[in-house]
Structures are given as structure tokens and as C-alpha cells.
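> sequence unknown, structure follows:
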Ligand SMILES: C[S@@+](CC[C@H](N)C(=O)[O-])C[C@H]1O[C@@H](n2cnc3c(N)ncnc32)[C@H](O)[C@@H]1O
């Protein structure tokens with residue numbers, strides 16, 4: 001089923017890309033932050049920079065190796081072994097796929113990131129996309145699952161020596177991570193997809209952001225409460241909010257504006273209520 005969804009998703013992407021690309025140009029003329037120009041053009045079909053392609057190839061090789069590992073992993077919301085997930089699931093479903101990893105990478109370059117904070121390392125795939133930009137930024141990523149922390153460290157060590165995986169929950173660690181990080185250029189929130197938690201994380205990082213910074217929220221359409229969280233944070237004064245479907249982008253330093261590109265990336269429908277705490281169940285619910 002996932003493979004069929006992927007195929008349909010790719011077909012949709014191809015068909016919708018020219019319309020998305022046109023909408024991006026229109027929105028840039030209308031005042032959407034210029035730093036988003038290249039990432040969004042690449043998202044909607046323009047060729048990525050050569051460096052980004054090279055990085056993506058390396059990271060996708062790492063992903064394939066991780067997916068082939070034999071171990072299973074406990075999920076954070078259950079101690080029942082029947083709920084354990086495979087390495088393949090974490091690498092291929094829970095981790096950001098190539099297209100969106102590339103988007104994160106090009107965004108980090110566009111915002112000239114020197115310091116990046118990530119909530120939810122998992123196996124280190126998205127962190128690797130973010131940390132491998134040419135300026136070699138510092139990346140601090142938080143991960144509650146003890147078994148995933150050493151794997152994320154090893155993934156990140158393949159692309160940078162400036163990444164740190166902090167074990168523990170966001171609730172315990174975020175404040176001290178931000179105090180150490182100083183000025184943060186890019187934040188990627190990819191775990192604990194609940195309304196109050198998401199709003200809290202965004203409000204907590206705001207005072208630490210650089211004057212022109214980017215906050216990326218994953219899975220804003222996945223559950224109703226994530227959608228409500230997006231409604232709240234995207235109407236904060238002083239941020240430009242861009243709904244690109246899978247991700248919600250908040251950009252500081254560019255006035256209070258809102259843009260919606262979700263219909264062109266295939267993620268316009270809002271998911272249902274969340275039955276249980278399932279932070280890993282992130283990326284299976286693509287809509288097109
Ligand atoms: C969707 S996965 C992250 C995927 C990763 N960003 C990537 O794309 O490669 C979410 C991760 O967040 C972690 N997580 C969820 N809630 C958390 C919390 N409250 N504190 C710390 N880690 C949490 C989970 O253990 C899981 O590994």
C-alpha cells in the first residue's frame with residue numbers, strides 16, 4: 001500500500017510541479033521572503049545545486065544501509081514488543097524522504113545557517129541533510145530514544161564533525177540546548193506532534209532565533225491537533241508563515257504574511273484525531 005501511495009505521490013508531484021513553480025514566482029513577487037526562492041523552486045522541479053545532489057546521494061546510501069539493519073526498536077508510546085518498529089520503518093517511513101531532505105538542505109544554505117537545532121533525531125537522516133551544507137554549521141539535535149541516539153551520532157558523523165545528539169526529551173533538554181546554542185538560524189521540529197507541545201516548542205525557540213531565521217514544522221496536516229497548532233503559530237505577529245503541505249515554514253524578519261502552497265505538493269487534507277501518542281508515525285499519511 002505504501003508503495004502504491006508513493007507511486008501516486010510521484011505522479012502527482014510531476015503533474016503539479018509546474019503549477020507550484022508558477023505560484024512560487026507569484027508569491028515571491030508578492031513579498032514572500034527571497035531566501036525561500038531557491039528551496040521552493042527546487043521543491044517544485046528546478047534542478048538542485050550540484051553540491052546538494054552529491055550530499056543527497058551520500059545520505060541515501062546511508063539510509064539504505066540503515067534500512068537493512070536487523071534490529072527492531074521500541075516506540076516511545078508503548079513498551080509492548082508487538083509495537084516495536086523495524087530499522088527499515090524508521091529509515092524509510094519515519095525519516096524525512098529525499099525530496100524533503102533536499103528541501104531542508106537547500107533551506108539551511110539559503111538561511112546561511114551557522115547554528116541549527118532539531119527536535120527529533122531518529123536515525124540522523126534529516127540532521128544529515130541539514131548539517132551537510134557547505135558552511136558546516138553546528139547542529140544540535142534532541143532524541144528521547146536511547147537506542148536511536150548512537151545510530152543518529154554515527155549517521156551524522158559521516159557528514160560532519162559539528163553535530164551533537166542530545167539524549168532526552170524535548171521537555172527536559174530544549175531550554176538548555178537553546179541556552180548553549182545562542183543565536184539559532186534554523187529549527188526543525190519533527191517529533192511529539194501534539195497541539196500544545198508544538199505551540200510550546202515554537203514559543204520557546206522564538207527568543208533565540210536570528211533576525212532572519214527559519215522554523216520548519218513537520219507534519220502540519222497529519223493530525224487535527226497539528227493543524228490547529230499550525231493555525232496558532234502561523235498567525236503570530238512578526239512571522240511570515242508558508243504552508244508548503246508537509247512542512248509549515250515560519251520565517252522571522254520579513255513581516256507578518258501568510259502563503260499557502262500546499263495544494264501543489266499534495267498535502268492539503270487534514271488528518272483525523274490522534275488515537276495514541278505515535279511520534280514515529282509521521283510520514284505514512286501523504287495525501288494527494
Ligand atoms: C519522525 S521521527 C524524526 C525523524 C528525523 N527527524 C528524520 O527525518 O530523519 C521523531 C523522533 O522524535 C523522537 N521524539 C518524539 N517525541 C519526543 C520527545 N518528546 N522528546 C524527545 N524525542 C522525541 C522519537 O523518538 C523519534 O525518533
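Arrived safely, thanks for sending. These numbers come from a predicted model, not from an experiment.

> pairing partners for the strand ranked longest in the chain, with directions?
When the chain is parsed with DSSP state E, its longest strand is strand 209-218. Sheet pairing for strand 209-218, assigned by DSSP bridges, gives strand 184-189 (parallel), strand 247-252 (antiparallel).

> how about the first one, does it reach the ligand?
Read that as strand 184-189. No. For a cut-off given as C-beta under 6 Å from any ligand atom, strand 184-189 has no contacts with the ligand; the smallest distance is 6.8 Å. The C-beta positions use only the backbone N, C-alpha and C, and glycine is treated the same way.

> quick one: contacts of that strand?
Under the contact criterion C-beta atoms under 8 Å, 6 or more residues apart in numbering, strand 184-189 has outside partners 104, 107-108, 111-120, 126, 130, 137, 178, 198, 201-202, 205, 208-210, 213-218.

> now the terminal residues of stretch 202-210, how far apart.
Length of stretch 202-210, first residue to last, C-alpha to C-alpha, to the nearest Å: 14 Å.

> ugh, wrong one, I meant stretch 249-263
Stretch 249-263: ends 15 Å apart by C-alpha to C-alpha.

> which residues of this structure fall in helices?
Counting by DSSP state H, the chain has helices at residues 2-29, 37-43, 50-67, 87-89, 98-110, 125-131, 148-157, 170-181, 195-205, 224-234, 262-265.

> show me what the third one is packed up against.
With contacts defined as 3 or more C-beta pairs under 8 Å, 6 or more residues apart in numbering; DSSP states H and E, the secondary structure elements packing on helix 50-67 are helix 87-89, helix 98-110, helix 125-131, helix 148-157.

> likewise the fourth one?
With contacts defined as 3+ C-beta pairs under 8 Å, 6+ apart, the packing partners of helix 87-89 are helix 50-67.

> so which bits of the helix it packs on are buried?
Buried residues in helix 50-67, counted by 16 or more other C-beta atoms under 10 Å: 52, 55-56, 59, 62-63, 66-67.

> what does it contact?
With C-beta under 8 Å, 6+ apart as the test, helix 50-67 has contacts from 42, 48, 87-88, 90-92, 95, 98, 101-102, 105-106, 109, 123, 125, 128-129, 132, 134, 151, 155, 158-159.

> so which of those residues also contact the ligand?
Contacts with the ligand within these, counted by C-beta under 6 Å from any ligand atom: 95, 125.

> generate a ChimeraX selection restricted to the buried entries among the contacts of helix 50-67.
The ChimeraX selection below is limited to those of those classed as buried (16+ other C-beta under 10 Å):
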select :42,48,87,88,90,91,92,95,101,102,105,106,109,123,125,128,129,132,151,155,159
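
> sorry, back to before: and the helices and strands packed on helix 50-67 as JSON lines, adding mean pLDDT?
Output for the helices and strands packed on helix 50-67, formatted as JSON lines (pLDDT from 0 to 100):
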{"stretch": "helix 87-89", "mean pLDDT": "95"}
{"stretch": "helix 98-110", "mean pLDDT": "97"}
{"stretch": "helix 125-131", "mean pLDDT": "98"}
{"stretch": "helix 148-157", "mean pLDDT": "97"}
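
> between the ones you listed, which one is nearest to residue 72?
Residue 72 lies closest, by C-beta to C-beta, to one member of the helices and strands packed on helix 50-67: helix 87-89, at 7.4 Å.

> wait, doesn't residue 248 sit right on residue 240?
No. Using C-beta atoms under 8 Å, residue 248 is not in contact with residue 240; the gap is 11.4 Å.

> phi, psi of residue 223?
phi -130, psi 160 (degrees, to the nearest 10).

> the ligand contacts on this protein?
Counting by C-beta under 6 Å from any ligand atom, the chain comes close to the ligand at 76, 94-96, 120, 122, 125-126, 142-145, 148, 169-170, 190-192, 279-280, 282.

> so among these, which ones count as buried?
If we count by 16+ other C-beta under 10 Å, the residues of the chain next to the ligand have these buried: 76, 94-96, 120, 122, 125-126, 142-145, 148, 170, 190-192, 279-280, 282.

> how much space between residue 71 and residue 84?
Using C-beta to C-beta, to the nearest Å, residue 71 is found at 9 Å from residue 84.

> where does pLDDT dip in this structure?
1-2, 77-78, 272-288 (pLDDT under 70).

> centre of the chain to stretch 228-248, how far?
When distances are taken as C-alpha atoms, centre = their mean, to the nearest Å, stretch 228-248 is centred 14 Å away from the chain's centroid.
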